[in-house]
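>>> Sequence and predicted structure, then a few things I'm wondering about:
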Amino acid sequence: MARVRDAATVILKARVVLPMRGPPLDGGWVALARGRIVALGRRSPPGPTQDLGNAIILPGLVNAHTHLEFSDLVEPLSAEAGLPGWIRRVVALRRGRPVDHGDAVRRAIVSGLQESAACGVTALGEIATAVLPDLHRLPGPRIRVYREVIGLSDAAAAASLAAAGRDLDRLTAAGVPVGVSPHAPYSVDRHLGREILAHGRRRGLPAAMHLGESGVEAAFLTNGTGPFRELFEELGVWPTPQPRLLPAEEWISQLARGPRGIVVHGTFLGTSFEDRSLARLARHRNRLCVAVCPRTTRLLSGSAPPVARYLDAGIRVAIGTDSRASNPDLSVLSECRTLVDAGACSPAEAVRMATVDAAWAIAFERRSGILAPGRPADIAILRPVSPNDDPFAAAIDPATRVDATFRGGRLIAGSIG
């Protein structure tokens with residue numbers, strides 16, 4: 001097998017190369033040296049070449065949104081009773097974990113990184129409620145860690161904010177790219193959410209927030225009643241006095257004050273004339289994007305993400321997998337296929353969402369998402385089985401397998417023979 005991390009240049013040739021900057025390269029090749037791409041082209045490589053045959057070379061996939069702590073689950077949790085019911089099961093899962101909770105979470109995260117690499121992922125945006133001390137040393141994809149905060153009472157908000165600050169300091173000192181994440185408008189008091197976003201702005205950090213996940217979310221934010229209120233009272237976290245909550249459009253404006261922001265899911269944003277969320281997102285599209293997780297959305301709402309609505313408004317869309325608590329696996333290509341099968345976008349658009357746009361979403365656009373000279377050699381090699389003249393359609397075909405994944409020129413999953 002070629003050792004692409006060696007000083008000598010290695011040239012990989014395939015039936016097609018998808019640089020994602022410019023058109024596909026039929027009979028294309030990519031030259032690698034010292035962990036970086038040094039050249040790419042078509043037909044006549046400038047030296048000895050390893051011919052991969054009927055393969056597709058494309059940038060390593062980027063998972064814009066995931067929660068790796070649940071990667072040890074064999075199957076998704078039930079979404080009976082919608083998002084509030086699913087959250088009830090997530091909380092029960094967390095509360096029921098063993099005494100060695102930290103070790104269990106670490107094993108799950110390591111498993112999630114390994115699975116992601118095997119699925120062709122070389123970078124991901126991880127939402128974390130707690131931080132592993134050795135996260136920066138774990139093998140696998142590049143990670144941007146969005147430290148999540150949750151809290152409805154003043155006491156819970158203060159504790160969450162203090163813990164997040166400590167974790168961000170520790171990760172930054174270890175050289176881990178970080179971000180901030182107020183969880184959702186139904187779980188974050190407005191003071192806590194504004195404080196963590198302000199903390200992120202002072203440090204120049206990107207942010208992510210779940211918005212518009214459920215059809216009952218907007219009513220709860222307006223009057224504080226319904227399934228969310230019942231859930232929080234049952235869990236013993238509904239405070240007195242009642243928390244001060246903000247609607248989705250206000251959080252969009254808050255996110256837009258930072259250098260980069262992700263609206264996660266966004267399934268129920270901009271669905272009525274009175275909802276100004278879509279207009280605000282479009283107004284700030286130079287800083288904000290939407291990360292959709294198609295199979296999670298299908299589980300929690302019974303529908304596909306409204307991707308066409310965002311694309312028509314000129315809003316960038318990225319793809320994530322969420323977690324194994326809401327998904328059968330961590331395959332970004334399966335998420336792409338779900339969107340295409342739903343008629344939400346073309347195969348080429350879906351692959352772009354999983355590379356170029358997802359890299360932009362997590363502020364990794366200078367190191368991930370495209371193949372170009374000088375970039376890190378983050379590469380996925382796919383092996384189609386079924387004949388297809390469209391390389392993008394071939395990439396997301398369910399019969400196509402991931403042969404190998406390279407991060408910075410180092411093999412992190414599979415092999416190339």
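Looks like it arrived, so ask away.
>>> hey, let's count contacts and neighbours off CA atoms from now on
OK.
>>> domain parsing for this protein?
10-60+371-414, 61-361 (automatic domain parsing).
>>> now the strands for the stretch 101-250 of the chain?
121-128, 142-149, 178-182, 207-211 (DSSP state E, counting those that start in this stretch).
>>> Residue 74 - that's part of a strand, no?
No: using DSSP: H, G, I helix; E, B strand; the rest coil, the assignment for residue 74 is coil, not a strand.
>>> Check what pLDDT it gets.
Note on residue 74: pLDDT of 94.
>>> Tell me how many other residues crowd it.
12 (other C-alpha atoms under 10 Å).
>>> and if you look at residue 22?
Residue 22: 9 neighbours (other C-alpha under 10 Å).
>>> helix/strand/coil for it?
Going by three-state DSSP, the secondary structure assigned to residue 22 is coil.
>>> three-state assignment of residue 58?
From three-state DSSP, the assignment for residue 58 is strand.
>>> Helices along the protein, start to end?
82-95, 101-118, 154-173, 190-202, 217-223, 227-235, 248-255, 277-283, 294-301, 307-312, 332-341, 347-353, 356-361, 391-396 (DSSP state H).
>>> With distance to residue 250 and mean pLDDT as added columns, please give the strands of the stretch 101-250 of the chain in a markdown table.
Output for the strands of the stretch 101-250 of the chain, formatted as a markdown table (distance: least, C-alpha to C-alpha, whole Å; pLDDT from 0 to 100):
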| stretch | distance to residue 250 | mean pLDDT |
| --- | --- | --- |
| strand 121-128 | 22 | 97 |
| strand 142-149 | 18 | 97 |
| strand 178-182 | 13 | 98 |
| strand 207-211 | 11 | 98 |
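>>> mind listing what residue 213 touches?
Residue 213 makes contact with 83, 265, 266, 267, 268, 297, according to C-alpha atoms under 8 Å, 6 or more residues apart in numbering.
>>> and what of residue 219?
Here residue 219 is in contact with 225, 226 (C-alpha under 8 Å, 6+ apart).
>>> Residue 300 versus that one, what's the distance?
Per C-alpha to C-alpha, to the nearest Å, residue 219 is found 17 Å from residue 300.
>>> Kindly report the same for residue 391.
Plainly put, residue 391 is 31 Å away from residue 300 if you go by C-alpha to C-alpha.
>>> In the stretch 1-150 of the chain, where is pLDDT below threshold?
1-7, 98-102 (pLDDT under 70).
>>> ok, now the stretch 201-350 of the chain?
Residues of the stretch 201-350 of the chain that meet the cut-off, pLDDT under 70, sit at 272-274.
>>> Could you rerun that using 90?
218-219, 270-276 (pLDDT under 90).
>>> right, and the helices of the chain - which one's nearest residue 73?
When the helices of the chain are compared by C-alpha to C-alpha, helix 101-118 sits nearest residue 73, at 8.4 Å.
>>> List the buried residues of the closest one.
For helix 101-118, a neighbour-count test (16 or more other C-alpha atoms under 10 Å) marks 105-118 as buried.
>>> Pipe the residues you listed into a markdown table and attach distance to residue 396 per row.
Output for the buried residues of helix 101-118, formatted as a markdown table (distance: C-alpha to C-alpha, whole Å):
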| residue | distance to residue 396 |
| --- | --- |
| 105 | 31 |
| 106 | 30 |
| 107 | 29 |
| 108 | 26 |
| 109 | 25 |
| 110 | 25 |
| 111 | 23 |
| 112 | 21 |
| 113 | 21 |
| 114 | 20 |
| 115 | 17 |
| 116 | 16 |
| 117 | 16 |
| 118 | 15 |
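>>> What's the separation between residue 231 and residue 325?
Taking C-alpha to C-alpha, one finds residue 231 at 18 Å from residue 325.
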